[in-house]
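>>> starting from these lines, generate the structure:
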Amino acid sequence: MKNMSLVHRESRRIYFVLFAGLAFSSSVVAQSSFQGEWSYQQACGLRHTANLGLKQTSNKVTGQWDDGTKLRGDNGELLGSIRSGKLFVRYCNEDAQSSNFSTCPKFNPGDKPDYYVLDGDQLIWYQSFGNGYRKYLTLHRFTKGKKFPTDNYCPEDN
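Presented below is the predicted three-dimensional model:
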């Protein structure tokens, strides 16, 4: 009888370890996905905001974007692909008057697209600049019930 109880406990322990491993791996997969709602908010100065709504299917990503200040901004659709852990994105703009982007549904040419890199619950946005890239913004994953961080650094206020 004691042997049976020991076997039963050992079986339960193995199932628990397997279940915990699966739960952990699925949460890691969820955190390694670009899919979701991402935002940047500046609490001072020009009150810069940027938002991405991304839907990921394998290594392809589609979605909506906006980026601007209290003075002006752009918004539209995006189309991207994941290569070597980076999400490369092309944009189109809903506003036909915008000089920065092609009007939707025509996307900007893809010769030097912006790219994004995941860093936990942050999404780092790199923009094409000269012959290379520069870090533009750090967006945060929207999580229901979690306080959203804002950027309080505004050198233009000084």
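>>> low-confidence regions, the chain specifically.
Under the criterion of pLDDT under 70, the regions of the chain flagged as low confidence span 1-31, 110, 156-158.
>>> domain-wise, how is it divided?
Following the assignment in automatic domain parsing, the chain carries domains at 1-31, 36-153.
>>> and for Thr69, nearest residue in space, chain neighbours not counted?
If the residues on either side of it in the chain are set aside, Thr69 comes closest to Leu46, at 3.8 Å by CB to CB, 6 or more residues apart in numbering. For glycine as for every other residue, the C-beta is placed from the backbone atoms N, C-alpha and C.
>>> list the contacts of that neighbour.
Contacts for Leu46 (CB atoms under 8 Å, 6 or more residues apart in numbering) come out as 69-71, 154, 156.
>>> restricted to strands, list these.
Within the contacts of Leu46, no residue falls in strands by DSSP state E.
>>> ok, which pair from those is furthest apart?
Leu71 and Cys154 (14.1 Å; CB to CB).
>>> which of those two has more residues huddled nearby?
Neighbours per residue, other CB atoms under 10 Å: of Leu71 and Cys154, the larger number sits with Cys154, 14 against 8.
>>> ok, now which ones touch that one?
Cys154 is in contact with 42, 44-46, counting by CB under 8 Å, 6+ apart.
>>> at 10 Å instead, please
42-48 (CB atoms under 10 Å, 6 or more residues apart in numbering).
>>> likewise for Arg141?
Residues in contact with Arg141 (CB under 10 Å, 6+ apart) are 31, 33-39, 118, 120-123, 148.
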